[in-house]
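Visitor: one predicted model, sequence on top.
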Amino acid sequence: MFQQLKNKGVITRPADANGNGSINIIGAGTVIEGEIKSNGDIRVDGTIKGSVTSKAKVVVGSTGVIEGDVFCQNADISGAILGKTTVAEMLFMKSQARINGDIQTGKLVVEVGASFTGNCSMGPVIKDIKNADRPAQKLAEKTA
């Protein structure tokens, strides 16, 4: 079901023909430098030095570190993020989570012990992650 890639520590589960349903795992001890984009889920137990964009869920394990911006639909954080975090729906910060950078999310859950340094914007401003490919543009707030 899972296939190991050349870079040991990176595992992917095959997706359907549309690229949906894939799970990408960055194993502990693995360091990746560069930008990562995926239509499926991403789990990080190693280190990524660069931005991460997912149209699904990003999970950062307790040993995981992302040194760059994160753009996704949902996120569960137990490790560290050093950069701006943009989550369209729900950001769940578990007790070991550390975020150093601004947070923009629809909903935020913070367990006791989690910490973040930066500004936090919550609410219905982010409808979906369609514009994640263009992080330099700000999403305009719509009012009635």
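Guide: Done, it's in.

Visitor: which residue ranges of this protein form helices?
Guide: For the chain, helices defined by DSSP state H do not occur.

Visitor: closest to the centroid, which residue in it?
Guide: Centroid-nearest residue in the chain: V58, 3.8 Å away (criterion: C-alpha atoms, centre = their mean).

Visitor: who does that one form a beta bridge with?
Guide: Beta-bridge pairing for V58 (DSSP bridges): I42, A75.

Visitor: stretch 51-69 spans what distance, first to last residue?
Guide: With C-alpha to C-alpha, to the nearest Å as the measure, the first residue of stretch 51-69 is 5 Å from its last.

Visitor: quick one: mean pLDDT for that stretch?
Guide: Mean per-residue pLDDT for stretch 51-69: 95.

Visitor: cool, stretch 83-95 as well?
Guide: In this model, stretch 83-95 has a mean pLDDT of 95.

Visitor: so where's this protein uncertain?
Guide: In the prediction, the chain carries residues with pLDDT under 70 at positions 1-21, 125-144.

Visitor: ok, and the closest non-adjacent residue to N119?
Guide: Nearest residue to N119 in three dimensions, chain neighbours excluded: D102, at 4.8 Å (C-beta to C-beta, 6 or more residues apart in numbering). Yep, even glycine has a C-beta here, placed from its N, CA and C like the rest.
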